[in-house]
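# My questions concern the predicted model and sequence given below.
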Amino acid sequence: MSLQQAETYRVNEDYTKAIVLAKKNIQSLLQQKKWLDAVKFLTILNNTYGNMDDFKQAIKYEDEAMKIALKSKDATAIAYAYLAKAYTQYSIGKPDEAVRNCNLALNRLGDRPEHYLLAKIYMLLYGVHSNWNHVKETNAFALKALENAKLTTDYNLISNCYFAVSVANDFNYNIAKTAQNLDKIVAPLNAIIALQQEHKAKVSNKILAMAYTNKANYYFKYFSLNDLNARKLAIENAEKVLETVQSVKYNQELIASSYGLMSEYALRDGNRQQAEVYLINAYNTMHNQEKVYNYTMLNVLGALVNLYEKNGNYKEAFKCQKEGTEYNQELFNQEQIKNAQKLEIQFDTEKKNSAIKLLEEKSVSHKKQKYLFTGLITVTLLGGFFMFRSYNFRLKYSLERQKK
């Protein structure tokens, strides 16, 4: 239960609680020599620090997970450790390595019915291939992830897999724009909402709000301006987001997204005043929070600039433009720092892998030399045996003993 709680904290971006709970359990589990469970918590720590862009800590716990897993000789524990390595590689922008480690995890598992772990592995593979726009693989891994997740009791995981299937179906619709494919985009989102209604608190409010957000965007994006029912459903879902996120930590992006959608409908109606109200609400939500999501803030400020320009309010447009420039610079600085950290981690990882490869090559070379040396001795003994076959039986017997 603690494992699922720690993962729930991570999903909800309550990283401090996730870390405290995981570390507390790891210490106890190591004392009890429960290696597999310890590795599971270490994987959560690795993933949590990766989400926080603290790549050095992520690697620290990845290494610890592998060390304990190898010591335990438990195939499932080793598979979890490979998943931790895959998470790190994905976080630092090495998707090929992430895929390689996912495959190593799958190889370790073999036919073991570790459905939770399999769902996690397939979700990561889905993430990589969706970024690569590999439609076939995106569909396959999303469905495999969902198939395995449904065999667990982690309803947040099941919900995330439904999101993956929805994205895969969005890919399919962009290839073949049929009504059937369009319906398949929203069906998994409805499944998430139904799951929450059935299991209540076992599906986090953040995930529920994300489902409503995606539904609102679905009706906004794929239906015509004249479709009044789609408009009604889009606004209804946006309003449900605002109701749901009140208890969600770091909810600014979801709130801003809902107000942004409402402002777009107001603009379509020619109601610029109402559109401004919605955008100001989005701006205040973003600005008044401890943690500002710069990408979302830039979108809000950009929308305000466009609106003020249309209204001829160039003073406010310039003010928002200036603030947007400042946020853009801050975002650029953050990305530079993050990229520098990623490069450093990539360099350290490659250096470590090169050192391991060198040691392995030396080990192989040493074995080859050993075999060669043994072979030379054997040849010498054989040669001696045949060259001096006229020696007496005792010498011949002695040489034969050495050969054996």
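Ah, there it is.
# what stretches of this structure score poorly on pLDDT?
1, 290-293, 347-404 (pLDDT under 70).
# Would you map out the domains in it?
1-112, 340-404 (automatic domain parsing).
# Mind listing what's buried along stretch 28-41?
Neighbour counts over stretch 28-41 (16 or more other CB atoms under 10 Å) mark 29, 30, 35, 36, 37, 38, 39, 40, 41 as buried. In this view, the C-beta of every residue, glycine as well, is placed from N, C-alpha and C.
# roughly how far is the helix or strand the fourth one falls within from the heart of the chain?
The one in question is residue 36. Element membership of residue 36, judged by DSSP states H and E, is helix 35-51. Remark: helix 35-51 is offset 13 Å from the chain centroid, using CA atoms, centre = their mean, to the nearest Å.
# contacting residues for residue 113?
Residues near residue 113 by CB atoms under 8 Å, 6 or more residues apart in numbering: residue 151.
# That one: what secondary structure?
Three-state call for residue 113 (DSSP: H, G, I helix; E, B strand; the rest coil): coil.
# Could you check how far it is from residue 35?
Going from residue 113 to residue 35 by CB to CB, to the nearest Å gives 20 Å.
# Same question for residue 183.
From residue 183 to residue 35 the distance is 46 Å (CB to CB).
# swap in residue 193?
For residue 193, the distance to residue 35 (CB to CB) stands at 39 Å.
# just checking, residue 342 touches residue 92?
Yes. Between residue 342 and residue 92 there is a contact under CB atoms under 8 Å: 4.4 Å.
# For the most centrally placed residue in the chain, which residues are in contact?
Geometric centre of the chain, nearest residue: residue 124, 5.6 Å, by CA atoms, centre = their mean. Residues in contact with residue 124, defined by CB under 8 Å, 6+ apart, are 83, 86, 87, 90, 98, 102.
# Go through the residues you listed and name the one nearest residue 272.
residue 90 (42.8 Å; CB to CB).
# Roughly how far does the closest residue to the closest one other than its chain neighbours sit from residue 105?
Distances taken as CB to CB, 6 or more residues apart in numbering place residue 98 nearest to residue 90, at 4.0 Å, with adjacent residues excluded. Look at residue 98 and residue 105: by CB to CB, they are 11 Å apart.
# Equivalent analysis for residue 268, please.
In terms of CB to CB, residue 268 sits 48 Å off from residue 105.
# Between residue 98 and residue 105, which contacts overlap?
In contact with both residue 98 and residue 105: residue 86, using CB under 8 Å, 6+ apart.
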